[in-house]
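J.: below are the sequence and a predicted model; questions follow.
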Amino acid sequence: MEEWDSSLIEIIFAKKQSERSDDRDNLLRLTSKSLYGEKIHYTLELIQNAEDENAESITFIFNSDNVTVINDGRPFDEKDVWRICSVKPGEKKKKIGFFGIGFKSVFNITNNPQIISSRFNFEIEDYVYPKALKSFPECAKEYYSSEKGAIFVLPYSPGLSNYQVLVENFNQIDDKILLFLESLQELNLLDTVNNSNWFIRKSLYSDSALSLVNSLSEQETKWRVFHSDIAVEDQELIPEGKEGIGETRITVAFPIDSVTKDMIKKTGVVYCYLPTKKRTDLPFLIQADFLPTMGRENISDHAWNVWLLKKLGILAADTIESVRNDEELSGGFYDFIPLSVEIQDPLIKHLYNSLFGALKEKEIANTTKGWVRPKNCVIPSDERLRNI
């Protein structure tokens, strides 16, 4: 294969060794277990990384002795090698993940992850200590390119993981995981033990409409997705790590078919690019650059998140008005307006109140005189008058 560059790996190892501390190593171990305890979390972190590096495809290969993960995004440079061997946040404000932190979740399934990208081939021990390698797994050779992508080899470690459990967990992955990602269009699973495979694929079929196909469940869902790029005028709202943002994008996604509508109302969660576990009880999905909790399972009660939720309420109101004549959505567009009693979470109430206030000024009431604002129409109390 390649003539691997081991000099940078040796420099980083020497630096980390000089800083070595039992207290720090123990803290890293405890933090990784407490923040990223679920076995499935490593998949989300590697999907995040692939999206951040503009990959269009990511493939998880489950072998008898390891999981090999391949993306076709930007290859590693020297900064990336330093970052993945560290615990400090990344430098690029518009990225989803903090590579040096979130990557540590792989240590819940392996003791020695191997990374192959560009001219680098190394493994990491004890979270931050790299070691140069020359070995190259046979199953990954056909995917390697020095010009693009990254390969992560995660050997199963006794007491941490095994093939059967990891495949079962992966098969439960959210069908909508690609919905709000801009670069990734396809997620693939290859099971070399059972000689099986499946995929989730995203396809655009109009300016705002897309479909998601899950070959495992043989299901297809269709969505109308609406974005708004909003200016960040109050810099005091911006949380630490995102300083200097002048604009941010918010998104709402409306399910097209009635089955998906019913499902979303019962199971819809907040998306911070990828799904959190925070239920919304909304009949549509929401996405923004929220400040998540460290495990990315929730969003914090922070002024930045409250502001984003209020803006999402306004976007949802604009969208509801805009789809009133939409051939795909107009028949049930009132279904996208939630009732106050349905919203249980105090944070999501901010979105609902903003949505309700904005809808008062929207022409969403269909009358004999056309579309008018709700306050400008009446409903006759006499049944005979209703037919005039």
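T.: Alright, I've got the coordinates.
J.: for this structure, what spans make up the helices?
T.: Here the chain has its helices, by DSSP state H, at 7-18, 22-35, 41-52, 78-84, 99-102, 163-170, 258-267, 303-322, 346-359.
J.: okay, these, which one's buried deepest?
T.: Highest mean neighbour count among the helices of the chain (mean count of other C-beta atoms under 10 Å): helix 41-52, with a mean of 24. Bear in mind the C-beta positions are built from the backbone N, C-alpha and C, glycine included.
J.: what's that helix packed up against?
T.: On a contact count with 3 or more C-beta pairs under 8 Å, 6 or more residues apart in numbering; DSSP states H and E, helix 41-52 meets strand 57-62, strand 66-71, helix 99-102, strand 150-155, strand 274-279.
J.: got the angle between that helix and helix 163-170?
T.: Counting by axes from the mean of the first three to the mean of the last three C-alpha atoms, to 10 degrees, helix 41-52 lies at 60 degrees to helix 163-170.
J.: what mean pLDDT does helix 41-52 have?
T.: Helix 41-52 carries an average pLDDT of 91.
J.: who touches that helix?
T.: The list of residues contacting helix 41-52 from outside it, by C-beta atoms under 8 Å, 6 or more residues apart in numbering, reads 36, 58, 60, 69, 71, 73, 92, 95-97, 99, 102-103, 105-106, 108-109, 150, 152, 154, 170, 173, 177, 181-184, 187, 273-274, 295-296.
J.: Thr248: which of the helices of the chain is closest?
T.: helix 303-322 (7.5 Å; C-beta to C-beta).
J.: packing partners of that closest one?
T.: strand 219-231, strand 247-255, strand 285-287, helix 346-359.
J.: what angle do the first one and helix 303-322 make?
T.: Read that as strand 219-231. Using the same axes, to 10 degrees: strand 219-231 against helix 303-322 is 110 degrees.
J.: who does strand 219-231 touch, helix- and strand-wise?
T.: By 3+ C-beta pairs under 8 Å, 6+ apart, strand 219-231 packs against strand 209-214, strand 247-255, helix 303-322.
J.: ok, back up a step: what's the least confident stretch among the helices and strands packed on helix 41-52?
T.: Mean pLDDT is lowest for helix 99-102 out of those, coming in at a mean of 60.
J.: one step back: in TSV, list the helices and strands packed on helix 41-52 along with distance to Ser6.
T.: Output for the helices and strands packed on helix 41-52, formatted as TSV (distance: least, C-beta to C-beta, whole Å):
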stretch	distance to Ser6
strand 57-62	26
strand 66-71	21
helix 99-102	21
strand 150-155	17
strand 274-279	34
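J.: tell me which of these sits nearest to Thr260.
T.: Once the helices and strands packed on helix 41-52 are compared by C-beta to C-beta, strand 274-279 is nearest, at 15.1 Å.
J.: which one of the helices and strands packed on helix 41-52 lies nearest to Cys377?
T.: Among the helices and strands packed on helix 41-52, strand 274-279 comes nearest to Cys377, with 33.7 Å by C-beta to C-beta.
J.: hang on, the earlier thing: closest to Glu123 out of the helices and strands packed on helix 41-52?
T.: In terms of C-beta to C-beta, the element of the helices and strands packed on helix 41-52 nearest to Glu123 is strand 150-155, at 8.2 Å.
J.: ok, residues contacting the closest one?
T.: 42, 46, 49, 53, 65-71, 73, 75-76, 106, 109-117, 137, 140, 143-144.
J.: what of stretch 260-268?
T.: Stretch 260-268 has contacts (C-beta under 8 Å, 6+ apart) with 221-222, 255, 279-285, 332, 335, 342.
J.: what's the farthest-apart pair in these?
T.: Among the contacts of stretch 260-268, Lys222 and Glu342 lie farthest apart (C-beta to C-beta), at 23.7 Å.
J.: quick one, which of those two is more surrounded?
T.: With neighbours defined as other C-beta atoms under 10 Å, Lys222 and Glu342 compare such that Lys222 has more, 16 against 13.
J.: tell me what the more buried one is bridged to.
T.: Judged by DSSP bridges, the bridge partners of Lys222 are Ser211.
J.: let me know the pLDDT of it.
T.: For Lys222, the pLDDT comes out at 91.
J.: next: Asn387.
T.: pLDDT, Asn387: 50.
J.: likewise Thr368?
T.: On the pLDDT scale, Thr368 is placed at 83.
J.: again, but for Lys95
T.: Note on Lys95: pLDDT of 55.
J.: report the contact partners of Thr367.
T.: Listed by C-beta under 8 Å, 6+ apart, the contact partners of Thr367 are Cys377.
J.: same question for Leu181.
T.: Taking C-beta under 8 Å, 6+ apart, one finds 47, 51, 202, 273-274 in contact with Leu181.
J.: give me that answer again for 7 Å
T.: With contact taken as C-beta atoms under 7 Å, 6 or more residues apart in numbering, Leu181 is in contact with 51, 273.
J.: ramachandran coordinates for it?
T.: Backbone torsions for Leu181, taken as degrees, to the nearest 10, come to phi -90, psi 140.
J.: state the distance from it to Ile173.
T.: Counting by C-beta to C-beta, to the nearest Å, the gap between Leu181 and Ile173 amounts to 13 Å.
J.: touching, His302 and Leu237? I think so.
T.: No: judged on C-beta atoms under 7 Å, His302 makes no contact with Leu237 at a distance of 8.7 Å.
J.: before we move on, the earlier item: closest one to Ile230 among the helices of the chain?
T.: Nearest to Ile230 among the helices of the chain is helix 303-322; the distance by C-beta to C-beta comes to 5.6 Å.
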